[in-house]
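1. Build me a model:
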Amino acid sequence: MRILRYSLLAGGIALGIAAYKVQMDNLHVTLIRSVGLPWNLTQAHAMTVGPFTTSARSWAIVSGAWLFLVAGLVAWSRRPSNRLGPLMAAAGIALLLRQLRYSHDAFLFTVFFVVGELSYWVVAHAVFAYPSGRITDRLERGLIKVGYTVTFLFTIAILLLYDGSRPLRFFDPTPRDSLISVGGSGDAAITMQKAFVIVVWGVLAVAAIVLLIRKLVLATPRARRILAPLLLAAITVGLRAVFESIFTFAERPSSVLYDYLFWWQISAFIALPLALLAGFLRARLARASVGDLVLELERTPPQGIRDALRRALDDPTLDVLFWLPERNGFVDAAGRSAELPDHGNRTVTRLQHEGEPLAALVHDPSLLEEPKLVNAAGAAASLALENARLHAETRAQLEQVRESRVRIVATADEERRRIERDIHDGAQQRLVALAVQLRSAQRRLQDPEVDSLLAATVKELQVAVEELRELARGVHPAILTEDGLAAALESLVSRIPFPVDLDAAEGRLPAQVEATAYFVACEALANVVKHARASTATVRTVRRNGLLVVEVEDDGIGGAVAGNGSGLRGLADRVEALGGRLHVESPAEGGTRIVGEIPCAS
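-> Numbers count the residues shown, from 1 in each chain. Down below sits the predicted model:
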C-alpha cells in the first residue's frame, strides 16, 4: 500500500503540472475570429479576444487539488482501515483530471468533461463521510447517489447533443469536438447545460447545504467542534455553486465581482483539506499530550481523574465508571451503582488492568475515530484509575452502610408502630374493659367496704391506662401516622409542663422524615424537662432547600453534649442515617439549641 500511495503522490504531481499546462495552453490564449462570422472560418477572417485564465488562477486550482491528494494520502497512511483517506486522494486526482477537459483534443475533452463534473461529488462524498469514511445517514447517502447519477446522465446527454457549432458555458469561446455526438445542435447542448447547472449546481447543491447544516446541528458537542471548520468550508463551496445557478437566469456580475467569487471558491476548496489535516494534527498533538497526562495524574486526587481525562480527550461530557468485582457491576465516583449507556449519543470504552476489568469511559462517539488516543489515555491513567476505583469501592461500602442504617431506622419505626398498635389494641383495651366491668360490679353491690375497694381499683386501672397511652405515644404516636408531623408536635408540646412556642410547617412528608423530626423534638424536649431547668422553649420546623429543619431551643442552664448519653447520640445517628445532620449548641448558662437537618422529598 505504501508503494501505491507514493505512486499516487508522484502521479498527482505530474498530473498537476499537466493540468496547469492544459489550462494555460487552452484558456490563457487569445482567440482569433471575426465578429459575426461562423466559428469554422479560417484565421484570415479573425480578430483577437481573451485571455480566459491567469497563471495565478491555474496554480490555485492545481494547488487545491494537490492539497486534497496530500491530505488523503496522510489520512490513508495514518488510518489504513478508514475509507476517508482514499476518498480524499480520489477527490484530489479527480479535480486535477477535471482540468484536462479544457483541452482542444477531442478525446481528452470528451472523457474528462464527464469526469470533471463527477469530481465535485467525490469531494462531497468525502465531506459527508468525514471522519469515519462511511456515510451512515440515509438522506446523505441518497443525495450522493443521486448526485453521481444525475451528473453522469446530464454530462453524457450534453456530449451526445453537442455538435461543436457553439462554445459551451464555462469554456473559452473556441468550440470542441465530442467523440460521442449523435447530432443535434449547439443550442440544444447549451440548453441542456443550463438545465444541468440549475438541477445539479442549484437544487442538489442547496440540498447538500441543508444536509451539511443538519449534520452540524445534530452532531454531539465534541463532534461539532471537529466538524465545524470542514463543514463550513464545504457550505461555502456549495454556495458558490448555487450562485452560479442563479447566474443562469440573472445577468452575470462584473469581471471584478466574478473574480472575487472565484477566489472565494478556491479559498474554500483549499480550506477543506486543510481542515482535515488540522483534525489529524489535533489528534496527533492530543496523543503527544498523554505524557503530560501522566504527570498531571500524579498530582490529581481520585475525584479529579475524570476532569483530567476530559481535558486530555477534549470531551467535556466524558464520565468514568469503575468496575467492582464483588458487585459484578459498575459504580460512579461516589460509589453509586451505574449502568452503561446503550444509546447512540454515548459510547463506552472498557479499560483493563493486568487482564482484569478496571473501568469504563463513557464518552462522545466521535472518539471512536481516535482509538489510539483513547487507549493511550486509558493506559496512562490506569494506575490512577486503580486508586480511584479503590476510593469508589470505599464510597460504595459507605453507601451500603448508609442504606443499611436507613433500613434499620425504617425497620425500627415499623416495629414502633406495631408495638403502639399492640398496646392500643391489646393491653390498653383489656384494661379499659376491666375497668368498665368493675364499675358495673360496683353499682350492683351495696357493700360500702367493697364499693371503696372497687373504686380504688378502678382508679388504679385508669392510671395504668394513661401510663400505657403515654408509653404508646413515646413508642410511636398514632397521631403522627394519621395526621402528620404538625399535629403530632402540637400534641407533644401540650403535655410539656411549661410554655412551649410551636411553629410547625404544614403538609405531609415521607414517613421516615416525619418520624425522625418528631423524635428529635421529643428527645430534645424530654432533655429540657429533665435537665435544663428551663422556663420556656421553642419548637420550629421549616422546609428549606430540600431539607426539613427541626429546631428546639430553651432558656435553661445549657451544657448538653451530643456524645454524652444515648439520647442525643442516638438522635444524631438516626438523622445521619437519612443523610442529615444534628447540631447541638449548648454553652454553659446560655440555654440549648438543637437543630436537625433532614433531607426530604419536598
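2. Tell me the spacing between the closest residue to residue 12 other than its chain neighbours and residue 241.
-> Of all residues not flanking residue 12 in the chain, residue 69 sits nearest, at 4.4 Å (Cβ to Cβ, 6 or more residues apart in numbering). Every residue, glycine included, has its C-beta placed from N, CA and C. Distance, residue 69 to residue 241, by Cβ to Cβ, to the nearest Å: 22 Å.
3. mind checking how far residue 5 is from residue 14?
-> Taken as Cβ to Cβ, the span from residue 5 to residue 14 is 15 Å.
4. if you count what's nearby, which of those two comes out ahead?
-> Using other Cβ atoms under 10 Å as the criterion, residue 5 and residue 14 rank with residue 5 on top: 18 against 11.
5. helix or strand for that one, which one?
-> Using DSSP states H and E, residue 5 sits within helix 2-26.
6. Name the SS class of the residue nearest to residue 12, please.
-> helix (DSSP: H, G, I helix; E, B strand; the rest coil).
7. What about it, how many residues nearby?
-> Neighbour tally, residue 69, other Cβ under 10 Å: 27.
8. what's the answer for the one 10 residues further on, then?
-> Around residue 79 there are 20 other residues, counting by other Cβ under 10 Å.
9. Repeat that for residue 524.
-> By other Cβ under 10 Å, the residues close to residue 524 number 28.
10. Please apply the same query to residue 54.
-> Using other Cβ under 10 Å, residue 54 has 14 neighbouring residues.
11. how far away is it from residue 318?
-> The value you get for residue 54 to residue 318, if Cβ to Cβ is used, is 50 Å.
12. now swap in residue 116 and tell me
-> Applying Cβ to Cβ, the value for residue 116 to residue 318 is 45 Å.
13. just residue 273 next, same as before
-> Distance, residue 273 to residue 318, by Cβ to Cβ: 29 Å.
14. more neighbours, the two?
-> More neighbours surround residue 273 than the other of residue 273 and residue 318, with 27 against 23 (other Cβ under 10 Å).
15. so how far is residue 575 from that one?
-> 65 Å.
16. for residue 533, same thing?
-> From residue 533 over to residue 575 the distance is 26 Å, taken as Cβ to Cβ.
17. So those two - more neighbours on which side?
-> Counted by other Cβ under 10 Å, residue 533 and residue 575 do not tie: residue 575 has more neighbours, with 24 against 12.
18. tally of neighbours for residue 559?
-> Neighbours of residue 559 (other Cβ under 10 Å): 15.
19. From the centroid of this protein, which residue is nearest?
-> By Cα atoms, centre = their mean, the chain has its centre lying nearest to residue 317, at 5.5 Å.
20. What pLDDT does the model give the nearest residue to that one once chain neighbours are set aside?
-> Nearest non-adjacent residue to residue 317, counting by Cβ to Cβ, 6+ apart: residue 364, 5.9 Å away. pLDDT, residue 364: 85.
21. Could you tell me the phi and psi values at residue 352?
-> phi -120, psi 160 (degrees, to the nearest 10).
22. Look up how far residue 55 lies from residue 21.
-> Counting by Cβ to Cβ - residue 21 and residue 55 are separated by 11 Å.
23. okay, the two: which has more neighbours?
-> The neighbour count for residue 21 versus residue 55, taken as other Cβ under 10 Å, is higher for residue 21 (14 against 11).
24. distance of residue 595 from residue 585?
-> Distance from residue 595 to residue 585, by Cβ to Cβ: 8 Å.
25. the more surrounded of those two?
-> residue 595 (18 against 13).
26. Which strands or helices does the one helix or strand the more buried one maps to pack on?
-> Applying DSSP H and E as the criterion places residue 595 in strand 592-599. On a contact count with 3 or more Cβ pairs under 8 Å, 6 or more residues apart in numbering; DSSP states H and E, strand 592-599 meets helix 511-527, strand 547-554, helix 567-577, strand 581-585.
27. how about those in CSV, adding distance to residue 76 and mean pLDDT?
-> Formatted as CSV, these follow (distance: least, Cβ to Cβ, whole Å; pLDDT from 0 to 100):
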stretch, distance to residue 76, mean pLDDT
helix 511-527, 64, 84
strand 547-554, 61, 91
helix 567-577, 62, 76
strand 581-585, 62, 86
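28. Of the ones you listed, which is nearest residue 278?
-> Taking Cβ to Cβ, strand 547-554 is the member of the helices and strands packed on strand 592-599 nearest to residue 278, at 50.7 Å.
29. and the angle from that closest one to helix 567-577?
-> 170 degrees (axes from the mean of the first three to the mean of the last three Cα atoms, to 10 degrees).
30. Give the partner strands of strand 547-554 in its sheet and their orientations.
-> Here strand 547-554 is paired, per DSSP bridges, with strand 537-544 (antiparallel), strand 592-599 (antiparallel).
31. Using PDB, write out the CA atom coordinates for it.
-> C-alpha atoms of strand 547-554 as PDB (Å, rounded to 0.1, in the frame of the first residue of the first chain):
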ATOM      1  CA  LEU A 547     -34.200  19.900  53.900                       C
ATOM      2  CA  LEU A 548     -36.700  19.700  56.800                       C
ATOM      3  CA  VAL A 549     -35.100  21.800  59.500                       C
ATOM      4  CA  VAL A 550     -36.200  21.000  63.100                       C
ATOM      5  CA  GLU A 551     -35.100  23.400  65.800                       C
ATOM      6  CA  VAL A 552     -35.700  23.100  69.500                       C
ATOM      7  CA  GLU A 553     -34.400  26.000  71.800                       C
ATOM      8  CA  ASP A 554     -34.700  26.600  75.500                       C
END
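32. gap between it and the chain center?
-> 41 Å (Cα atoms, centre = their mean, to the nearest Å).
33. I'd like to check which residues are in contact with the residue nearest to residue 317.
-> 220-223, 315, 317-318, 346-347 (Cβ atoms under 8 Å, 6 or more residues apart in numbering).
34. For residue 155, see how far away it is.
-> Look at residue 364 and residue 155: by Cβ to Cβ, they are 41 Å apart.
35. now do residue 522
-> Distance of residue 522 to residue 155, given as Cβ to Cβ: 91 Å.
36. quick one, strands of the stretch 301-450 of the chain?
-> With DSSP state E, counting those that start in this stretch, the ranges of strands along the stretch 301-450 of the chain come out as 319-324, 329-331, 337-338, 347-353, 356-363.
37. residues contacting the nearest residue to residue 199 once chain neighbours are set aside?
-> In space, and not counting its chain neighbours, residue 199 is closest to residue 150: 6.4 Å by Cβ to Cβ, 6+ apart. Residues near residue 150 by Cβ under 8 Å, 6+ apart: 199-200, 204.
38. continuing past the host helix or strand of residue 150, what's the next helix or strand?
-> Secondary structure assignment for residue 150, by DSSP H and E: helix 138-161. Of the helices and strands lying after helix 138-161 in sequence (DSSP H and E), the nearest is helix 186-196.
39. List the contacts of that following helix.
-> Outside helix 186-196, the residues that touch it by Cβ under 8 Å, 6+ apart are 117, 151, 154-155, 157-158, 161-166, 168-169, 175, 248.
40. now do stretch 118-130
-> Contacts with stretch 118-130, where a contact means Cβ under 8 Å, 6+ apart, come from 68, 72, 83-84, 87-88, 90-91, 94-95, 97-98, 135, 137, 140, 143-144, 147-148, 151-152, 155, 208, 211-212, 215, 227, 230-231, 234, 237, 241, 269, 272, 276.
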